[in-house]
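1. Provided below for reference: sequence and predicted model.
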Amino acid sequence: MATIALSKPTKVKRGGKWSPWLFALPALVVYVAFLVYPAMSSVWFSLTDWDGLSATYRFVGLENYVKLPSDPVVVSAVRNNVIWTVVTIAVPTVIGLALAIALNGKVHGKPILRLVFYTPAVLPLVSIASIWGWLYNPQYGAINSFLRLIGLDGLAQPWLGQDSTALWAVMVPAIWLRTGFPMLLYLAALQGIPDELYEAATVDGASRWQQFWHITMPSLRPAHYIVLALSLIDSFKVFDMIYAMTYGGPGTSTQVMGTWMYFNVFQYYQAGYGTAIAVVITLVAIAVGIPYVRSQTREAS
Amino acid sequence: MTGSTFTRRGFLGLTSAAVAGAGLTACTGSGTSTSSGATAAASNNLRLFTYEDDSTIGLLKAQLKKFDAQNGTTTTVESLPGSGAAVYPDKLRTQLLGGKGPDIWRIWGGQIGSPFAKAKQALDLTPYYQKYGWDSKINTAAIGGMTFDGVKSGLPFVSLGIGAWYNKSLLAKAGVSAPPKTYAELETMNDKLVAVGVTPCGLGGKYGWDIMRLFEYLLEHTAGPELHDKLLTGAESWDRPEVVEAFALFKKWQDKKWLPQGALGLDPADIEPGYVQGKTAYTITGPWTEAAAILSAKKSPAAFGNFELPTDQSPARHSGFVEGYMINAKTGNADKSAALLDFIVQPATQKAMQVSASTVKGAEPDPKALPLSAEWAQKFGGNPFYTIQDQAFPKKQADQYFSVQSDLLQGSLKPDAAAKKMQDIVSAWAKG
């Protein structure tokens, strides 16, 4: 038996320190071929004047990056990105949490209500854009018709047709479709909080509000992490809603970095410049994501 | 247990790197396109990419089937209708860069088709022009619209004029018995329509190119043919009274409610058919509207009419553009593709496809199938046209120009400032 016991570690060491890498190799090959190489290519093209169509291009160094701050559309796109990110994280998260708490108690028709609130999240985005485009129609849309019906004619606006309201008008359907997801996550997390905690707090004389802040919120901490991280990613990569509803307009008033990158690469035949925008978006996304990754790493350790 | 620590931290690290990499990749594509330059192998399979909608795609497919039967080929058709020139060129470009581009594609002339010719993605068709005698069969001005830097890179088969297409009953409701003959009469007609609660001109500002049709008309009215053409090439300054006047009129159209409320945010696909639905009195569009809006709504063409927008200038011109086909420079089927194009531009094929404004001699619209298009061709088809402005400028400059229009209509830019800004945009492009 002793001989067998001694021979086992030798077998384990057969692959040596390379064993983990050998197991990872197939996935690593795919990763390098389809992610690392294209990503590096993108960085390279951001240093060129490639038009995105021709077979030739010229190396221009950091010229594309130097031009970015003086592009007025980049400045307004960054501002729009910040507004979009703050609003479309904060509002759906708060509403989602409120709905989850409301649905967590004894509510009649809970499954149906849950379905109703989550349904927008599964609708195709193009359909959502079309539906809301019609709702916003200045002459025949339901929103302006309703405002006129209740005598608020002065509030009826060309919602998507003026700089002052277009971005906010696109944010409303974004909030509408993104509320269901945090609601579901919070609902699942709420059901994991033991009733005993609330019972003990009630015995100690804690009010509902105190129970919410001192039991519910701390217990939801892991859910907060997931909701905020996923919402941040979702908000940062915004492209489709803007593209489908306003096409970056009127003028360039609703351009965000994602759409402006697309316009430059695909429409203006300035792939080098557009790719530089993409690199900047990625760097900012990494910088913003680092605190989340660090916190997860700390927890894992 | 260092391995365990490595695995957890390493996994998270690798995951975050993967997310970053994926972000960058998703943003820009693989970037390997510059090496996809190989010519494809010859075969009997042809692929044609177009943007025809349901009203005409069936007719095209029927003719391609006929060609296939005669030539032993199999031609597949892919179509991306809907967004006009805003999205289709992007998808075409993506297909070409992916190395799986179509053998033949439909495209607009001017600055929309130009990048594909300049990047040598489109084949030089000069030898085929000689082989098939297209020079003598196709309208010469139209060929010019698909000739880039002296190279015939496309074969135009449609030359479309833009005019006003109207609803007769709504004009009658406003007491207008005949289309306007002067610009002043057009304004009077608009006032009469507004007075009876009808929105005169149905145009939408999403994408920019639709509402642009009004401004370019107003510019033709105030500047006249010679100056208008020079403005489009940057040979004359936009910072001048004629342009300021055109911008002032443009604003007037909105302020007097001659355009739909909130026109800037409307999708052309929603608002253009408004004249058929009775929501607007007329729109500014081309003969394709007869099949796409009137016939597809099962309405009788007799209830509608068209007229050339009066410019009060001589010669009377309207906005126009060409559309045609290009052949992929890397196709292995260049000869068969050219044979297919020659088949398409036969008068019989053009008639069978109900092309409403063919460039092919002997393929005038059939008055029985498309009475309004035939009427337009007969009355105004022979008139000269100015290049539609989204084909006169590259896309970037066109979008900047649309921004100026947008700012002007929202009141954040005055007409004289708009003229100055246009001069900045056009002169920067003309110098470049």
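-> Looks like it arrived, so ask away. Keep in mind the model is a prediction, meaning the values are calculated, not measured.
2. top strand in chain B by residue count?
-> The longest strand of chain B (DSSP state E) is strand B:318-327.
3. partner strands of it, parallel or antiparallel?
-> Next to strand B:318-327 in the sheet, as set by DSSP bridges, lie strand B:104-108 (antiparallel), strand B:155-161 (antiparallel), strand B:385-387 (parallel).
4. off-centre distance for it?
-> 8 Å (C-alpha atoms, centre = their mean, to the nearest Å).
5. the residue in chain A positioned nearest to chain B - how many residues pack around it?
-> Proximity of chain A to chain B (C-beta to the nearest C-beta) peaks at residue A:158, 2.4 Å away. Just so you know, the C-beta spots here come from the backbone N, C-alpha and C atoms, and that holds for glycine as well. Using other C-beta atoms under 10 Å in any protein chain shown, residue A:158 has 25 other residues around it.
6. make sure it is actually in contact with residue B:259.
-> No: Residue A:158 lies out of contact with residue B:259 (C-beta atoms under 8 Å); the separation is 10.9 Å.
7. count of residues packed around the residue in the stretch 151-300 of chain B that chain A sits nearest to?
-> Residue nearest to chain A within the stretch 151-300 of chain B: residue B:262 (2.4 Å; C-beta to the nearest C-beta). By other C-beta under 10 Å, the residues close to residue B:262 number 25.
8. backbone dihedrals for it, please?
-> Dihedral pair for residue B:262: phi 70, psi 30, per degrees, to the nearest 10.
9. and the strands in chain B?
-> Going by DSSP E, chain B shows strands at B:45-50, B:74-79, B:104-108, B:147-148, B:151-152, B:155-161, B:163-167, B:199-201, B:280-285, B:304-307, B:318-327, B:385-387.
10. would you format these as a markdown table with mean neighbour count and mean pLDDT included?
-> Conversion of these to a markdown table gives the following (neighbours: other C-beta atoms under 10 Å in any protein chain shown; pLDDT from 0 to 100):
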| stretch | mean neighbour count | mean pLDDT |
| --- | --- | --- |
| strand B:45-50 | 21 | 96 |
| strand B:74-79 | 16 | 95 |
| strand B:104-108 | 26 | 96 |
| strand B:147-148 | 18 | 92 |
| strand B:151-152 | 20 | 95 |
| strand B:155-161 | 25 | 93 |
| strand B:163-167 | 25 | 98 |
| strand B:199-201 | 25 | 98 |
| strand B:280-285 | 26 | 98 |
| strand B:304-307 | 20 | 97 |
| strand B:318-327 | 26 | 95 |
| strand B:385-387 | 21 | 89 |
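11. I'd like these written out as CSV, with distance to residue B:376 added.
-> CSV is the format used below for those (distance: least, C-beta to C-beta, whole Å):
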stretch, distance to residue B:376
strand B:45-50, 23
strand B:74-79, 25
strand B:104-108, 19
strand B:147-148, 26
strand B:151-152, 27
strand B:155-161, 7
strand B:163-167, 7
strand B:199-201, 18
strand B:280-285, 11
strand B:304-307, 5
strand B:318-327, 10
strand B:385-387, 12
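12. can you give me the pLDDT of the residue of the stretch 51-200 of chain B found nearest chain A?
-> Distances between the stretch 51-200 of chain B and chain A by C-beta to the nearest C-beta are smallest at residue B:119, namely 3.8 Å. Looking at residue B:119, its pLDDT stands at 90.
13. cool, and residue B:19?
-> pLDDT, residue B:19: 46.
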